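# need coordinates for the below:
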Amino acid sequence: MAESKLYSERTNLWTVLIAIGVALIGVLFLSIAANWQWLTGYPGIQSVVRELGGLLIASVAVAILWELFAKRAFLVELMAKAKLAEEVRAAGLVTITHDFQRGIDWPQLFKTVTKLDIFFAYGSTWRGTNTPELRALAIRAGARIRVVLPDPDNDALISELARRFNTSVDDMKKKILDAVDDFKNIFGEPPRTRAEFSLWYLPVSPVFSFYRFDHIAILALYNHRKERGEIPTFVAEQGGKLYDFVRQEFDAFTKAPHGLARQVFPPTTNNR
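As a prediction, this is how the structure comes out:
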């Protein structure tokens, strides 16, 4: 820090000294143009000397403003943007949209996905919009789908969600159970369905929703207002910190034997 300050002060000193020297030369040219009698007989040369003196003085003002203020401000801004770009790259962000339904190409993501993880409160609109894609995924051999929903048997959790979503407890519970029924109807009918499907209940109130399509993670925020509004949604690719965050969250939900969620479909002997 001290070395950087010393370098800055040295630069300032040299800039000021050079500027003073150039300004003095400019004043000298102006004085010559005004007072040297010989030049009066050569108005063209006198005009050039006068303009050159004025240009040198004006250049000094511009140079001082650039060197001492503008250039450093520009450099600070450039470094800040470079740092932001590096942070975006490290996060793996590829898209940020406020249009959750149409700002993401959901059909394209479904077209090639083999590993799909879903975590949301109930996602009625999303399920309805993407039902054809979900049904096509259900018959895809080798596909694996894991869905985590809030635990509808947890009364305290359902009460909290009902308050947050500005609805009744019964309606909140019904919305979650409707999601359960939809997923079971789509994925839970072998041998017609060939994809591996599991459903989990989480006893924790979701503060965001996320989806993981193979190497792409999508994280959507919830608002805290009663009215509906735009939902900031982030799309990140594998290798970035945001993708890793989503993967680690889902692992924390489902990883045996101490996962936060309990598997309810297909039934297991470890159901709690």
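# report the secondary structure state of Ile218.
The three-state assignment at Ile218 reads strand, by DSSP: H, G, I helix; E, B strand; the rest coil.
# gap between it and Thr95?
According to CB to CB, to the nearest Å, Ile218 and Thr95 sit 9 Å apart. Any C-beta I mention is one placed from the backbone N, CA and C, and that applies to glycine too.
# need the residues touching each of those two.
Common neighbours of Ile218 and Thr95 are listed as 104, 234-235 (criterion: CB atoms under 8 Å, 6 or more residues apart in numbering).
# looking at neighbours, which among those residues is most surrounded?
When neighbours are counted by other CB atoms under 10 Å, Val235 leads the shared contacts of Ile218 and Thr95 with 23 neighbours.
# how many other residues sit next to the residue nearest to that residue when sequence neighbours are not counted?
Excluding the flanking residues, the one nearest Val235 by CB to CB, 6 or more residues apart in numbering is Thr95, at 3.9 Å. As a burial measure, Thr95 scores 14 neighbours (other CB under 10 Å).
# Gly240 reaches His215, doesn't it?
No: contact criterion CB atoms under 8 Å: Gly240 and His215 do not qualify, at 10.4 Å.
# what lines up beside the helix or strand encompassing the residue nearest to Val235 in the sheet?
Using DSSP states H and E, the element containing Thr95 is strand 93-97. Using DSSP bridges, the strands paired with strand 93-97 are strand 233-237 (antiparallel).
# quick one: average pLDDT of whichever helix or strand comes after the partner strand?
The helix or strand immediately downstream of strand 233-237 is helix 241-254, counting by DSSP H and E. Taken as a whole, helix 241-254 has a mean pLDDT of 94.
# quick check: can you name the pairing partners of the helix or strand that helix 241-254 is followed by and their directions?
Counting by DSSP H and E, the next helix or strand C-terminal to helix 241-254 is strand 262-265. Strand partners for strand 262-265, identified by DSSP bridges, are recorded as strand 196-202 (antiparallel).
# and the next helix or strand after the strand it pairs with with strand 233-237, angle?
Following strand 196-202 in sequence order, the next helix or strand is strand 208-213 (DSSP H and E). Strand 208-213 runs at 30 degrees relative to strand 233-237, counting by axes from the mean of the first three to the mean of the last three CA atoms, to 10 degrees.
# so that it lines up with my notes, have the first residue be 790 from now on.
Okay, using 790 as the starting number, the last item reads as strand 997-1002.
# that older thread, out of Gly1029 and His1004, which sits in the busier spot?
Gly1029 (18 against 13).
# how about the nearest residue to that one, chain neighbours excluded?
Gly881 (1.5 Å).
# read off the pLDDT value for the residue nearest to Val1024.
With respect to pLDDT, Thr884 has a value of 90.
# make TSV out of the shared contacts of Ile1007 and Thr884 and add distance to Phe1054 and pLDDT.
Formatted as TSV, these follow (distance: CB to CB, whole Å; pLDDT from 0 to 100):
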residue	distance to Phe1054	pLDDT
Ile893	27	94
Phe1023	29	94
Val1024	28	95
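# need the contact list for the spatially closest residue to Tyr990 that is not a sequence neighbour.
Counting by CB to CB, 6+ apart, Asp940 is the residue found nearest to Tyr990 once chain neighbours are left out, at 3.9 Å. Contact analysis of Asp940 by CB under 8 Å, 6+ apart lists 946, 990-992, 1051.
# what does Leu950 give?
Leu950 touches 910, 939, 961, 994, counting by CB under 8 Å, 6+ apart.
# thank you kindly, that will do.
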